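J.: predicted model follows, preceded by the sequence.
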Amino acid sequence: MSAHFAAALPLVLDPAVLGVVALAALLGILVGAMPGLTAVMGVALLVPFTFHLDPLPAVAAVVTLAATAIFAGDIPGILLRIPGTPASAAYAEDGHQMAMRGEPHVALSLSMAGACAGGIIGVTVLVMAAPALARAALQFSSFEYFWLALLGLCCAALVSSSSARKGATALCLGLLLSTVGLDETAGSARFTFGSTNLIGGVNFIAVLIGLFALPAIIRGFTQHTPAPRFPDIPFRALALQLRKNTTKLKINMARGGLLGAAVGALPGAGADIAAWIAYAVSRKLSKTPEKFGAGGAEGIAEAGAANNGALSGAYVPALVFGVPGDSITAVVIGVLYLKGLQPGPTIFLNQADMVYAIFIIFFLANLALLPLGLIIARLARRLLMIPRAFLAPVVLAFASVGAYAINNSAFDIGVMLVAGMVGYVLEENRFPLAPIILGMVLGGMVEFNFVTSMIKVDGDLTAFFSRPIAAALGVATIAAISIPAIRLVLSRRG
Amino acid sequence: MTYMKTTAMAALAALALAQAPAMAAYPERPITLIVPWGAGGGTDTLTRIFAKGLEAELGVRINVVNRTGGSGVTGHSAIANAKPDGYTIGAGTSELAATFKVTGLADLAAEDFTLISRMATLPASFVVGKNSPYANLREALDDIRVNPAGTYSSSGSGQGGPWHIAVSGLMLAEGLPSNQIKWIPSKGGAPALQDLAAGGVTFFTGALSEARALSDAGEVRILAIMSAARSPVFPDTPTVKEAAGTDWAYENWFSLVGPKGLPPEVAAKLSEAGARAAARPDVRDRLLERGYTPTWENPQAFALFVGEFSVTISRLLKELGMAKQ
């Protein structure tokens, strides 16, 4: 393995490659920080440019852009509570509350450290265990995905900070929204009222932007709070504090990174889901679960590590079997084919130098987050000191552009505005917003995998336990639902 | 003084423009090309490759935008409802011929578009998992025949999607009911192949190119390709005719279309520039590498093809019980 790395290093140290990496990192920051522009869209926009590049810089550009974009999605999440990409939604509330408490630099440097650690853990997993992990991931059929998605839904109870009843209500709202549009198993339209726009369903990114951006904007106009002042923190102090925090949260980051890599390796479950699950796990295992949703550091570090870890994990099935782990690797597989590189087990034999060069790029891209993140953490306070009344219209404009950009559709701006107004009312009544997004992301996955499984076995429910991995996941899910319920009943009796 | 001069010049220019809007040669500004499927998917990739060539031939920028959702309905509607000035065109996929209308999903069919040409075709393949007992397609078909309908399952696209049609057509060609193989809907080729490898379905009937990597890895085996001739990219894979003696070919197709009522000179310009783009070595090679068969034809030939295709597809959808009327 070290021989491979030695052979690959000169390929990477080419100034042209490093130049492409630097440019892609900057582009990734822009794409990620802009709500509505996701890492996948950024990568898709790169494709025409990769036609003119050599294979390595082409893949390097994609890898770097994705890594920086997922981190940069945290920036508007922390500063304005608008997740830049869906992968940041799980812990946007924590990051923002921490920033409002006067510590935007802490929140940003934490998310950066998490992203960096998660990314590096993810690549290490990719380098060490790709073939074995890919083989395991290939065992997942609709039965296993059904349980996985259901397990993800149980996270809703853990991610919502306020009362369980309100969390469940918000989750159901999300689940209901996920049923709008084309039913992909039957091929018929549901709840579309004859509208062509609704056949595509309610776009969850438009809802995400609306829910999280608009309430803050409305408050910016209705409440006259003076803009907060934040002290300027010199780089040295920032670095010292970062070291202290990473030492304290190293277990969270390691766990998040590993979990992210494992979830990412499953085709069909990407960075978004990894972040939610990591956040829920972190809260479950935390000594201070009450800090989650109230500006706690653990969730940011763990979920922030998980989403970047998932990015690398997604390359496991992509490189080994040519099966994309997420939408980004779907694009990467296309780029690889166009460049004459065939994903599959032979790529490790025929083009080992190339594969290891890509691995080195992964490390570089994640390390590049360190300086970029520190600079952003220092500059961030300036944005927060802008009075809300000035900031609100600008954010509204950005939110509208972002909603439009998802699908080049004015209809999504409407979706965003309606979601925002509903979000404002819900928040004023202390309903959590995050479970709505979770319901929208996982609702379709639960339903689709349930229905296709039922078609396969002609409605025999025992099939959900007749495959080993499915049975294990099923038992875990049922335990996750029933144990808290039993505890509740027992405590009421006692 | 200078200000007045500029104003006068601007006024003159405006006047000249106002008098001769139709005189300007198409295209004089960037063109939007709508893809009804997701970024990074098959249609998206091939359209972006083709758009690069078309851009060079037309000399204006072509912006490829994705309008996804609703199994292609959203994007195809956006193309059909665009202003027919040639500045919004689209990548039409086989669903536009009849699927939307016959299944009752949307009142949208070939007559709502100006048909230019197919850009590429993609043959269907018949794939089994690595532990499958079948050595060839004939063995598989014989076993399917002697077992009750629904014993075996296949996946590759949504319900009534192109690859569902491919396998149902094969069953009919074999003299079996169209639903002899149970169809398990999937959200594209990759998840269906994953399901095949995981043992969730018996067969994968979908794009040959998508099965390539897993086939190289020994996880799946490609038994045949549903095409009239062998693919230049996969010369070792037999056609259905060669492997089983049954006459059945099914190729999914991807076309360049505009909204209904595109001015004839605009359609002619697109047809002619598209032909040059399709002939460009960079476009051809990139499509071939991805497993597509580059295709270009004149609009009349394409319209004729779509007419025949919609007859076949309407019949198959009715057989499958998916027709609304």
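T.: On my side now, so go ahead. Numbering: from 1, shown residues only, chains lettered A, B, ... in the order given.
J.: output the strand ranked longest in chain B as CSV, nothing but the C-alphas.
T.: The residue-count maximum for a strand in chain B (DSSP state E) belongs to strand B:113-129. This file holds the C-alpha atoms of strand B:113-129, laid out as CSV (Å, rounded to 0.1, in the frame of the first residue of the first chain):
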residue,chain,number,x,y,z
PHE,B,113,-43.5,18.9,-29.1
THR,B,114,-41.6,19.9,-32.2
LEU,B,115,-39.6,16.7,-32.8
ILE,B,116,-36.0,17.3,-34.0
SER,B,117,-34.1,14.0,-33.7
ARG,B,118,-32.9,11.2,-31.4
MET,B,119,-29.5,12.0,-30.0
ALA,B,120,-28.7,8.5,-28.7
THR,B,121,-30.2,5.1,-28.1
LEU,B,122,-29.4,2.7,-25.3
PRO,B,123,-30.1,-1.0,-25.7
ALA,B,124,-31.8,-3.0,-22.8
SER,B,125,-30.0,-5.9,-21.4
PHE,B,126,-31.1,-9.1,-19.5
VAL,B,127,-28.9,-9.6,-16.4
VAL,B,128,-28.9,-12.2,-13.7
GLY,B,129,-27.1,-12.4,-10.3
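J.: if you skip the residues just before and after it, what's nearest to B:Leu176?
T.: In this structure, B:Leu176 finds its nearest non-sequential neighbour in B:Arg145, 6.2 Å apart by CB to CB, 6 or more residues apart in numbering or on different chains. Backbone N, C-alpha and C define where each C-beta goes, glycine included.
J.: before we move on, what about A:Ser327?
T.: Distances taken as CB to CB, 6+ apart put A:Val40 closest to A:Ser327, at 4.4 Å, once the chain neighbours are dropped.
J.: quick one: that neighbour is in a strand?
T.: No - assessed with DSSP: H, G, I helix; E, B strand; the rest coil, A:Val40 is helix; it does not lie in a strand.
J.: my guess is it contacts A:Pro324, does it?
T.: No - the criterion here is CB atoms under 8 Å, and A:Val40 misses it with A:Pro324 at 10.9 Å.
J.: neighbour count winner among the two?
T.: A:Pro324 (27 against 24; other CB atoms under 10 Å in any protein chain shown).
J.: just give the number of residues close to the nearest residue to that one once chain neighbours are set aside.
T.: Distances taken as CB to CB, 6+ apart place A:Ala330 nearest to A:Pro324, at 3.7 Å, with adjacent residues excluded. By the other CB under 10 Å criterion, the neighbourhood of A:Ala330 contains 26 residues.
J.: OK, contacts around the residue positioned nearest the centre of chain A?
T.: Residue closest to the average C-alpha location in chain A (CA atoms, centre = their mean): A:Ala87, at 1.9 Å. For A:Ala87, the contacting residues are A:39, A:70, A:73, A:270-272, A:274-275, A:307, A:310, by CB atoms under 8 Å, 6 or more residues apart in numbering or on different chains.
J.: what sits against the residue nearest to A:Ser327?
T.: A:326-328, A:331, B:39-40.
J.: in which helix or strand would I find the most centrally placed residue in chain B?
T.: Centroid check for chain B by CA atoms, centre = their mean gives B:Phe254 as the closest residue, at 3.0 Å. Assigned by DSSP states H and E, B:Phe254 falls within strand B:251-259.
J.: run the angle between that strand and strand B:113-129 for me.
T.: Put simply, strand B:251-259 runs at 160 degrees to strand B:113-129, going by axes from the mean of the first three to the mean of the last three CA atoms, to 10 degrees.
J.: Provide the strand pairings for strand B:251-259, with the direction of each partner.
T.: Taking DSSP bridges as the criterion, strand B:251-259 forms sheet pairs with strand B:88-93 (antiparallel), strand B:113-129 (antiparallel).
J.: same for the helix or strand following that strand, what does it pack against?
T.: Sequence order places helix B:264-279 as the next helix or strand after strand B:251-259, per DSSP H and E. Judged by 3 or more CB pairs under 8 Å, 6 or more residues apart in numbering or on different chains; DSSP states H and E, the packing partners of helix B:264-279 are helix B:42-58, strand B:113-129, strand B:251-259.
J.: report the distance from the first one to the chain centre.
T.: To tie it back to what came earlier, the one meant is helix B:42-58. Distance of helix B:42-58 from its chain centroid, counting by CA atoms, centre = their mean, to the nearest Å, is 14 Å.
J.: any buried residues in that helix, and which?
T.: Buried residues in helix B:42-58, counting neighbours by 16 or more other CB atoms under 10 Å in any protein chain shown, are found at B:42-55, B:57-58.
J.: any idea how far B:Gly129 is from A:Val323?
T.: As judged by CB to CB, to the nearest Å, B:Gly129 and A:Val323 stand 14 Å apart.
J.: those two: which is more packed in?
T.: Taking neighbours as other CB under 10 Å, B:Gly129 and A:Val323 compare with A:Val323 leading, 30 against 20.
J.: where does the more buried one fall, helix, sheet strand or coil?
T.: On the three-state scheme (three-state DSSP), A:Val323 is labelled coil.
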